[in-house]
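*Asks:* The following block contains a protein sequence and its predicted model.
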Amino acid sequence: MEPLQPKRPSFAERGARGRQALSVSKDSLTTCQDLRPGQSLPLVIRPAVERLNLVAWAEENRDVIDEKLRLHGGLLFRGFGIAAAEELERFIASSSGAPLEYTERSSPRSTVSGRIYTSTDYPERETIFLHNEQSYNINFPLKIYFLCATPAERGGETPIADCRRVLARIDPRIRERFAAQGYAYVRNFGAGLGLSWQDAFQTEDRQAVERYCQKSDIDLEWRSGQRLRTRQVRPAIVRHPRTGEEVWFNHATFFHVSTLAPAIREGLLAGVPEEDLPNNTYYGDGKPIEPEVMEALRGAYRAETMTFTWERGDVLMLDNMMVAHGRAPFTGPRKVVVGMAEPCSHHDLRPMAEGNPV
């Protein structure tokens, strides 16, 4: 095990619930170890002393957390006794700054506390394919946090994959086309499928939606009734702003109709034409992505996917650009809440090729 070094020789434990102050030596606060031999995503961090307060420790060791996150892409804080959404919100603030609001929504979520939300409210029998949170937004979170308040009786894991390794598995010819063109994400709102535009943009004001889309490089088309169609072209491959590494960072696979479960896909296509689907993706020039390309992309994710079993009180912190996440089906009660931090913009990222769409 590798000890994490705090910034200062000691500190007084500060607990939101009035825990007794505790001073400890600088080399015995926490330990790090691989999740499994040879698997360091996520890196597991545990307290090495009793009653160590994670929020207070993070305040003292923010630079150490950032260093480990840049190296591994994900950190699993286990054994700290985090139990409530409010505690997760304080941990986010102490380790990354104020939590972010969930904007330009693409999936149903409920607010739990402040800016902590339920994980996607999809039926428990459904698989949620791997993705990087809000990569389709102009502004997206650089970090995402998960707290397991109640593990499922069976299943319910949060699979993750290193997007640097996913990119390395993609055929160079596929990479080159996406690097040059990016991908187009097309959404349809108001047909009774998926989110309404009011839910997605959190407003009833059409002009507010238009202003948001204009500043976010989104083309929109108001249609009859309350229907809206949007189209946004985003890069598929970017350089991480802190490490300079190339990462496969997009929703091209997640939102493509072929990634849906067969029964759901067939039901949708039986009811609406492809251009009216709630979500779908294309090459940046608008041309369809070939079925064999989509299968190759899904295969790259699957080859790099790793899982772990949630324990009550676990906190998973991911670099949202380096690591994609999803959700496995489950049975029994499950409560995993989510928070996001550190806004980043596609406008600030280094382009991968001339003609990059953003």
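*Replies:* That came through fine. Numbering: from 1, shown residues only.

*Asks:* got any ranges where the stretch 201-350 of the chain has weak pLDDT?
*Replies:* Applying pLDDT under 70 to the stretch 201-350 of the chain flags residues 350.

*Asks:* Count the neighbours of Pro288 for me.
*Replies:* By the criterion of other Cβ atoms under 10 Å, Pro288 has 13 neighbours. To be clear about C-beta, it is placed using only N, CA and C from the backbone, and glycine gets the same treatment.

*Asks:* beta partners for the closest residue to it other than its chain neighbours?
*Replies:* Once flanking residues are discounted, Pro288 sits nearest to Tyr282: 6.0 Å by Cβ to Cβ, 6 or more residues apart in numbering. For Tyr282, the beta-bridge partners under DSSP bridges are Ala184.

*Asks:* ok, Tyr282 - how many residues close by?
*Replies:* That count, for Tyr282 with other Cβ under 10 Å as the rule, works out to 18.

*Asks:* and what of Val272?
*Replies:* 15.

*Asks:* hang on, it packs against Ala191?
*Replies:* Yes. Contact between Val272 and Ala191 holds when scored by Cβ atoms under 8 Å: they sit 6.8 Å apart.

*Asks:* how much space between the residue nearest to Pro288 and Met294?
*Replies:* Distance from Tyr282 to Met294, counting by Cβ to Cβ, to the nearest Å: 11 Å.

*Asks:* what's the answer for Trp57, then?
*Replies:* 43 Å.

*Asks:* what about those two, which has more around it?
*Replies:* In this view Trp57 and Met294 are compared by other Cβ under 10 Å, and Trp57 has more residues nearby, 28 against 18.

*Asks:* Checking my notes, that one in a helix, right?
*Replies:* Yes. Counting by DSSP: H, G, I helix; E, B strand; the rest coil, one finds Trp57 located in a helix.

*Asks:* Give me the neighbour count for Arg125.
*Replies:* For Arg125, the count of nearby residues is 10 (other Cβ under 10 Å).

*Asks:* wait, isn't it in contact with Ile264?
*Replies:* No. In this structure Arg125 lies outside contact range of Ile264 using Cβ under 8 Å: 11.0 Å.

*Asks:* For stretch 82-99, buried residues please.
*Replies:* Buried residues in stretch 82-99, counted by 16 or more other Cβ atoms under 10 Å: 82, 84-85, 87-96, 99.

*Asks:* Which single one of these is nearest to Ile65?
*Replies:* Nearest to Ile65 among the buried residues of stretch 82-99, counting by Cβ to Cβ, is Ser95 at 5.4 Å.

*Asks:* any idea how far the closest one is from Thr158?
*Replies:* Separation of Ser95 from Thr158 (Cβ to Cβ): 19 Å.

*Asks:* biggest helix in this structure, by residue count?
*Replies:* Longest helix of the chain, by residue count under DSSP state H: helix 291-304.

*Asks:* helices and strands around whatever helix or strand comes next after that one, which ones?
*Replies:* The helix or strand immediately downstream of helix 291-304 is strand 305-306, counting by DSSP states H and E. The contact analysis (3 or more Cβ pairs under 8 Å, 6 or more residues apart in numbering; DSSP states H and E) places strand 305-306 against strand 160-162.

*Asks:* how much distance is there from the strand it packs on to the middle of the chain?
*Replies:* Remark: strand 160-162 is offset 11 Å from the chain centroid, using Cα atoms, centre = their mean, to the nearest Å.

*Asks:* all helices for the stretch 101-250 of the chain, in order.
*Replies:* For the stretch 101-250 of the chain, the helices defined by DSSP state H, counting those that start in this stretch cover 163-169, 172-181, 197-201, 206-215.

*Asks:* Could I get these in a markdown table, plus columns for distance to Thr309 and mean neighbour count?
*Replies:* What follows is the helices of the stretch 101-250 of the chain, written out as a markdown table (distance: least, Cβ to Cβ, whole Å; neighbours: other Cβ atoms under 10 Å):
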| stretch | distance to Thr309 | mean neighbour count |
| --- | --- | --- |
| helix 163-169 | 22 | 20 |
| helix 172-181 | 33 | 17 |
| helix 197-201 | 33 | 18 |
| helix 206-215 | 40 | 14 |
